[in-house]
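**Student:** No letters, just coordinates:
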């Protein structure tokens, strides 16, 4: 007796038992009435038991048939549950979301979105790696990576996220100690707080309408962490050159203010790197949509 044959017959028998009609069962299953009749007859022969009593007026389920029907109903219910699981697996976010992002940008911009995403998707867990080192989606077993570049990454599957503009920031008390800074050329007498680099001087770009300036400044304090740079600027060590989002909270709290805000400076962009489209799961697609909605 074939298990596949029995499973097919179970579906037909269960529908007849529920409708008490060959005609209605055939209609619901999309097969002919004669096919239903033949399948039931063959099933009864395989089982060696009478499952249905059929007259010209009605169909009745025998005692053996009713007991067997309950078994059928449980099995078919499990089959439906299995199908539903697979359907939801492809439609609803489940499983672990593995994300990598730059340390500061990840803490300030990505983590808040992740918090909301986790709260709204109970079957998703998150593994976040905050690092400034280069990563490989395949080798590091990642779902997506957030990177910051001046130009579009060479990665074949990338999506733009948000612009990251830079500016000069200083503590109000620091600025009060000096003459007002009215133009980029006034910056040369100040000490600067910069991200760590090999040189003690750096050329800062300035743009306003059709005007362009490149002003060379010297750094007195350098660090590889933006929080350290903000704290140093708040402590009046000098003028910090920072991404605007890094300085935002200190500005809102009145601890820092923008220097020469009418001039534009460096502009970078954050990007989402993903695997090829066919390998992107529903949880990843949903998180990408959440990121773009929150940060664009």
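**Tutor:** Looks like it arrived, so ask away. Bear in mind that the values here come from a model prediction, so they are computed numbers and not experimental data. Residues are numbered from 1 along each chain as shown.

**Student:** residues touching residue 50, list them.
**Tutor:** Going by Cβ atoms under 8 Å, 6 or more residues apart in numbering, residue 50 touches 44, 62, 64, 65. The way it works is simple: take the backbone N, C-alpha and C, and place the C-beta from them, glycine included.

**Student:** again, 10 Å this time
**Tutor:** Contact partners of residue 50, counting by Cβ atoms under 10 Å, 6 or more residues apart in numbering, are 44, 62, 63, 64, 65.

**Student:** where along the stretch 1-150 of the chain do the helices fall?
**Tutor:** Assigned by DSSP state H, counting those that start in this stretch, the helices in the stretch 1-150 of the chain fall at 3-19, 22-29, 33-47, 63-91, 103-105, 111-120.

**Student:** Just the buried residues of the fifth one, please?
**Tutor:** The neighbour-count criterion (16 or more other Cβ atoms under 10 Å) identifies 104, 105 as the buried residues of helix 103-105.

**Student:** Within the helices and strands, which one has residue 194?
**Tutor:** strand 191-195 (DSSP states H and E).

**Student:** mind listing what that strand pairs with, with the direction of each?
**Tutor:** strand 211-223 (parallel), strand 239-243 (parallel) (DSSP bridges).

**Student:** now for whichever helix or strand comes after it, which elements pack on it?
**Tutor:** Proceeding N to C from strand 191-195, the next assigned helix or strand is strand 201-208, under DSSP H and E. Helices and strands touching strand 201-208, by 3 or more Cβ pairs under 10 Å, 6 or more residues apart in numbering; DSSP states H and E, are strand 158-170, strand 191-195, strand 211-223, strand 239-243.

**Student:** now do 6 Å
**Tutor:** strand 211-223 (3 or more Cβ pairs under 6 Å, 6 or more residues apart in numbering; DSSP states H and E).

**Student:** quick revisit: if you average pLDDT over each of the strands paired with strand 191-195, which is lowest?
**Tutor:** When the strands paired with strand 191-195 are compared by mean pLDDT, strand 211-223 comes last with a mean of 91.

**Student:** Next secondary structure element downstream of it?
**Tutor:** Following strand 211-223 in sequence, per DSSP H and E, is helix 226-234.

**Student:** which sections of the stretch 151-296 of the chain are below the confidence cut-off?
**Tutor:** The model of the stretch 151-296 of the chain has pLDDT under 70 over residues 197-201, 277-279.

**Student:** who's in contact with the closest residue to residue 35 other than its chain neighbours?
**Tutor:** Excluding its sequence neighbours, the residue lying closest to residue 35 (Cβ to Cβ, 6 or more residues apart in numbering) is residue 26, at 6.9 Å. With contact taken as Cβ atoms under 6 Å, 6 or more residues apart in numbering, residue 26 is in contact with 32, 33, 36.

**Student:** In this model residue 101 seems to touch residue 146, though I could be wrong.
**Tutor:** Yes. The criterion here is Cβ atoms under 6 Å, and residue 146 meets it with residue 101 at 3.9 Å.

**Student:** So what pairs up with residue 207 in the strands?
**Tutor:** Per DSSP bridges, the residues bridged to residue 207 are residue 212, residue 264.

**Student:** Surely it and residue 262 touch.
**Tutor:** No. Residue 207 is beyond contact range of residue 262, at 10.4 Å (criterion: Cβ under 6 Å).

**Student:** Shouldn't residue 156 be within a helix?
**Tutor:** No. Applying DSSP: H, G, I helix; E, B strand; the rest coil, one finds residue 156 to be coil, outside a helix.

**Student:** which residue sits closest to it, ignoring its sequence neighbours?
**Tutor:** residue 276 (7.5 Å).

**Student:** before we move on, back to that, need the strands paired with strand 191-195 in CSV with distance to residue 21 and mean neighbour count, can you?
**Tutor:** Shown next, in CSV, are the strands paired with strand 191-195 (distance: least, Cβ to Cβ, whole Å; neighbours: other Cβ atoms under 10 Å):
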stretch, distance to residue 21, mean neighbour count
strand 211-223, 80, 15
strand 239-243, 71, 24
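
**Student:** Out of the ones you listed, the one nearest residue 159 is which?
**Tutor:** Judged by Cβ to Cβ, the one of these that comes nearest to residue 159 is strand 239-243, at 20.0 Å.

**Student:** Any of the contacts of residue 50 buried? List them.
**Tutor:** By 16+ other Cβ under 10 Å, these give 44, 65 as buried.

**Student:** Noted, bye for now.
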